[in-house]
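J.: Turn this into a structure:
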Amino acid sequence: MTISIPGEENKSLTKELIIKQLISALVSLFFVVFVWNFWSKGIIALGINAFVLLVFILLLFLRELQIQKRIQRSDFIWIVPLFMIALSFLIYDNTFLKVTSLLVFPVAFSFFYYNSFFERKCDYWDLHFFKKYVVRVFSFIDKITTSINLYLELVIPAGKASWKMIAKIVLSIILFLTLAFTIFIPLLSSADAMFASKIKYIYDWLNQIFSLPLVNKSIVFMIFSVLLFSVQSAWARKNEIKEDGDSEKNIDSLVAGIVLGGILLLYLLFLWVQIERLWIGTLPFDFRETESIVKSGFWQLLFLSIINTLIYLFTYRKTRAFVQWILIGFTFASLLLLSSAGQRMFLYAKFYGLSYEKFFASYTVFYSVIMFVWLISRLFINRRTNVLKFLVVLFIWMYALITVLPVEQIIFRTNIELAKQRGARIRLYELTMLSSDVLALVKKLENEGALKEKITYTDENGQEKKEADADWTPWIEKHEKLLNEKKFYERNILNMYYLSKSN
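T.: Prediction:
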């Protein structure tokens with residue numbers, strides 16, 4: 001399969017382009033006004049403001065799809081989960097998921113948006129398909145100059161060429177200074193101490209000028225507006241597919257059969273030899289020994305599952321029938337190995353409680369089990385299926401679902417119940433790594449005395465001190481202070497609910 005992306009002719013300023021420029025500028029203005037504290041406060045400053053910003057950006061690009069009449073009913077399979085991810089910023093403070101969402105959202109959106117501009121949907125996603133996606137993502141760089149010129153044409157009348165020249169010079173100087181003081185001067189200064197001392201005075205003087213909040217916001221506003229408009233121009237272009245038979249190339253059935261059969265025999269041998277240890281019924285009391293048994297075994301088996309998935313993708317429907325039957329056994333053995341990894345993690349959580357790591361590791365196993373069951377089912381169907389598309393769509397939906405679930409509430413309440421079980425080795429105080437999503441629950445349980453337990457404190461040098469009663473008061477005061485210091489647009493629904501109850 002060969003994908004060609006036609007070029008786009010240079011456009012003059014039209015009514016539609018002006019509308020796109022103004023909307024891009026408004027979104028950029030919203031960012032520098034309501035999301036600016038992200039640079040100083042970090043992820044905790046993202047709440048209502050992040051939800052509104054992400055929805056604005058989503059609608060901005062969907063508007064282009066609507067104009068070009070490319071939105072289909074099937075597109076809601078990715079629009080809905082992306083909206084769910086944005087919605088999570090409105091509801092929760094979960095810092096782990098917020099950081100992850102800032103990475104997942106743009107990548108997932110750009111990928112599905114890219115797929116929406118094909119003249120006809122791709123039947124199969126292969127390596128060439130993903131390579132063209134990467135090219136499309138970075139194609140906005142070629143549009144930056146055009147975007148700057150169009151913004152200049154919008155701001156400065158067409159007849160005043162001298163003003164345009166001045167504006168270009170000013171923008172070029174800003175671009176030069178940005179690159180100089182963020183990349184080149186720091187690198188040159190680290191290479192030569194004499195150069196660093198000579199440039200220091202100029203650096204301090206310019207740093208004082210450009211440290212003014214208004215100047216910084218103005219520069220970011222202009223850069224963000226141009227980039228947003230450039231991305232729209234670069235991504236909203238048709239993709240064409242030419243079938244050349246590359247995706248249908250078969251691999252040598254003899255080689256594939258020997259390799260698959262050999263790996264399958266190894267897996268069966270492993271399952272037979274480890275039959276007693278693989279399905280561990282209990283865990284040793286020593287934490288370090290438990291961690292060694294569970295973590296090493298879990299991540300090794302999970303890594304094997306990733307390799308097995310790749311082997312499946314390379315051999316699916318590309319060999320003779322007898323190799324496909326070996327692939328069925330191979331995939332089923334992979335599922336058994338994965339189930340063992342899941343059982344290890346279940347025991348780890350049962351005796352030592354949930355944490356971010358254990359919760360999301362368990363969720364990954366759940367995703368992988370669904371994946372392998374589905375992959376096995378595909379081998380009993382005559383027609384070829386777009387396997388990669390299913391895996392990507394399954395991931396975005398399962399990730400979106402977890403973002404709108406009360407993850408930290410689930411972790412905390414589960415550990416409360418598990419701590420009551422006989423033989424539990426759970427320390428509730430370790431959950432102080434959670435965010436204010438559990439603040440109301442912690443304060444309630446602390447007042448009731450339900451969080452009392454003995455813990456071993458450590459000093460600054462890491463030396464263990466004697467046991468003492470766990471005190472949640474500093475954690476409660478810290479998060480109450482964070483909530484009170486937030487701007488109204490940095491809060492979320494749970495924040496506002498807690499503050500309304502407290503007042």
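
J.: So which elements touch the helix or strand containing Val442?
T.: Remark: Val442 resides in helix 439-448, with elements defined by DSSP states H and E. Where contact means 3 or more CB pairs under 8 Å, 6 or more residues apart in numbering; DSSP states H and E, helix 439-448 is packed against helix 407-418, helix 473-485, helix 493-502. Heads up, the C-betas are built off the backbone N, CA and C, glycines and all.

J.: Contacts for the second one next, please.
T.: Just to be clear, that refers to helix 473-485. For helix 473-485, the external contacting residues (CB atoms under 8 Å, 6 or more residues apart in numbering) are 44, 432, 435-436, 439, 442-443, 446, 491, 495, 498-499, 502.

J.: Equivalent analysis for the last one, please.
T.: Helix 493-502 is touched from outside by 47, 90-93, 436-437, 439-440, 480, 483-484, 486, 491, with contacts defined as CB under 8 Å, 6+ apart.

J.: Out of these, name the two that are farthest from one another.
T.: Distance extremes for the contacts of helix 493-502: the farthest pair is Leu90 and Glu480 at 20.9 Å, using CB to CB.

J.: between these two, who's got more neighbours?
T.: When Leu90 and Glu480 are compared for neighbours, Leu90 comes out ahead with 19 against 16, by other CB atoms under 10 Å.

J.: re the thing from before, centre of the chain versus the helix holding Val442, how much separation?
T.: 31 Å (CA atoms, centre = their mean, to the nearest Å).

J.: before we move on, what about stretch 216-229?
T.: Mean-position distance between stretch 216-229 and its chain equals 24 Å (CA atoms, centre = their mean).

J.: now stretch 92-106
T.: Taking mean C-alpha positions (CA atoms, centre = their mean), stretch 92-106 and its chain are 6 Å apart.

J.: residues in contact with it?
T.: So stretch 92-106 is contacted by 43-44, 46-47, 50, 54, 82, 85-86, 88-89, 356, 396, 399, 402-403, 406-408, 435-437, 492, 494-495 (CB under 8 Å, 6+ apart).

J.: and those residues, which are buried?
T.: Among the contacts of stretch 92-106, those classed as buried by 16 or more other CB atoms under 10 Å are 43-44, 46-47, 50, 54, 82, 85-86, 88-89, 356, 396, 399, 402-403, 407-408, 435-437, 492, 494-495.

J.: Okay, and which of those map to helices?
T.: If you go by DSSP state H, the buried ones among the contacts of stretch 92-106 have 50, 54, 82, 85-86, 88-89, 356, 396, 399, 402-403, 407-408, 494-495 in helices.

J.: Sort the residues you listed by pLDDT and name the bottom one.
T.: Lowest in pLDDT among those is Tyr356, which has 87.

J.: Tell me who's in contact with it.
T.: Tyr356 touches 96, 411, 433, counting by CB under 8 Å, 6+ apart.

J.: need the contact list for Phe83.
T.: Contacts here follow CB under 8 Å, 6+ apart; on that basis Phe83 touches 55, 58.

J.: let's go with 7 Å and repeat that
T.: Leu58 (CB atoms under 7 Å, 6 or more residues apart in numbering).

J.: Look up how far Leu59 lies from it.
T.: 10 Å (CB to CB, to the nearest Å).

J.: what's the neighbour count on Phe488?
T.: Number of residues near Phe488 (other CB under 10 Å) recorded here: 10.

J.: That one: what's its closest spatial neighbour, skipping adjacent residues?
T.: Using CB to CB, 6 or more residues apart in numbering and skipping the chain neighbours, the partner closest in space to Phe488 is Ile48 (7.7 Å).

J.: ok, the one you found to Val35 distance?
T.: Noted for Ile48: a distance of 10 Å to Val35, by CB to CB.

J.: Likewise for Lys389?
T.: Distance from Lys389 to Val35, by CB to CB: 33 Å.

J.: And Ile57, by the same measure?
T.: For Ile57 relative to Val35 (CB to CB), the value is 12 Å.

J.: ok, now Gln66?
T.: To Val35, Gln66 is 26 Å away according to CB to CB.

J.: more crowded one of these two?
T.: For Gln66 and Val35, the more surrounded residue by other CB under 10 Å is Val35, and the numbers stand at 18 against 11.

J.: got the contact list for the more buried one?
T.: Counting by CB under 7 Å, 6+ apart, Val35 has contacts 49-50, 53.

J.: The helix holding Val442: which residues count as buried?
T.: 439, 442-443, 445-446.

J.: between those, which is closest to Leu154?
T.: Among the buried residues of helix 439-448, Leu439 lies closest to Leu154 (CB to CB), at 47.1 Å.

J.: which residue sits closest to the closest one, ignoring its sequence neighbours?
T.: Among residues not flanking Leu439 along the chain, His479 sits closest, at 5.1 Å (CB to CB, 6+ apart).

J.: If you tally nearby residues, what's the number for that neighbour?
T.: Residues lying near His479 (other CB under 10 Å) number 23.

J.: Now do it, the pLDDT please.
T.: 93.

J.: what's the spacing between it and Val99?
T.: Noted for His479: a distance of 18 Å to Val99, by CB to CB.

J.: now swap in Gly261 and tell me
T.: According to CB to CB, Gly261 stands 43 Å off from Val99.

J.: likewise Val365?
T.: For Val365 relative to Val99 (CB to CB), the value is 22 Å.

J.: Which residue of these two possesses the greater neighbour count?
T.: More neighbours surround Val365 than the other of Val365 and Val99, with 22 against 13 (other CB under 10 Å).

J.: Once you drop chain neighbours, what's closest to the more buried one?
T.: Nearest in space to Val365, with sequence neighbours left out and distances taken as CB to CB, 6+ apart, is Gly342 at 4.0 Å.

J.: other SSEs contacting the strand or helix carrying that neighbour?
T.: For Gly342, the host element (DSSP H and E) is helix 321-352. In terms of contacts (3 or more CB pairs under 7 Å, 6 or more residues apart in numbering; DSSP states H and E), helix 321-352 is packed against helix 253-273, helix 287-315, helix 356-378.

J.: lowest-confidence stretch among the ones you listed?
T.: helix 287-315 has the lowest average pLDDT among the helices and strands packed on helix 321-352, namely a mean of 61.

J.: gap between the helix or strand containing Ser40 and the chain center?
T.: With secondary structure defined by DSSP H and E, Ser40 is part of helix 38-41. Between the centre of helix 38-41 and the centre of its chain there are 19 Å (CA atoms, centre = their mean).

J.: mind listing what's buried in that helix?
T.: For helix 38-41, a neighbour-count test (16+ other CB under 10 Å) marks Phe38 as buried.

J.: Would you mind putting the CA coordinates of it into PDB?
T.: Provided in PDB are the C-alpha atoms of helix 38-41 (Å, rounded to 0.1, in the frame of the first residue of the first chain):
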ATOM      1  CA  PHE A  38       0.700  25.900  34.300                       C
ATOM      2  CA  TRP A  39       4.300  27.100  33.700                       C
ATOM      3  CA  SER A  40       4.700  28.000  37.400                       C
ATOM      4  CA  LYS A  41       2.300  25.600  39.300                       C
END
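
J.: which residues make contact with that helix from outside it?
T.: For helix 38-41, the external contacting residues (CB under 7 Å, 6+ apart) are 45-46.
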